[in-house]
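Asker: need the 3D shape of this:
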Amino acid sequence: MFTTIVLGILIAIVVVLGLRSFVKGKGSCGDCDCTCPIKEEMRKASKVK
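Answerer: From the prediction side, this is the model:
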């Protein structure tokens, strides 16, 4: 019983940290003014829509 609770808490912490990292990393490509092929594709795709 105790092991299950501890394991559940650990899994929940890992999921929350993973989601925070995913959300924070989503906008990191647009943070600098440098040019790269990925940014060019993103700009082209946003202009098309």
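
Asker: does the residue nearest the centre of the chain sit in a helix or strand, and which one?
Answerer: For the chain, F22 is the residue whose C-alpha lies nearest the centre (CA atoms, centre = their mean; 1.7 Å). In this assignment (DSSP states H and E), F22 forms part of helix 2-26.

Asker: so what pLDDT did G8 get?
Answerer: G8 carries a pLDDT value of 96.

Asker: likewise for G27?
Answerer: The model reports G27 with a pLDDT of 56.

Asker: let's have the chain start at 344 instead
Answerer: Sounds good: first residue 344 from here, last item G370.

Asker: thinking again about what came up before, for the helix holding F365, name the packing helices and strands.
Answerer: Secondary-structure packing of helix 345-369 (3 or more CB pairs under 8 Å, 6 or more residues apart in numbering; DSSP states H and E): no helix or strand packs against it. For the C-beta atoms, the positions are set from N, CA and C on the backbone; glycine is no exception.

Asker: heading C-terminal from it, find the next helix or strand.
Answerer: Following helix 345-369 in sequence, per DSSP H and E, is helix 380-391.

Asker: show me how far the helix holding F365 is from its chain's centre.
Answerer: 14 Å (CA atoms, centre = their mean, to the nearest Å).
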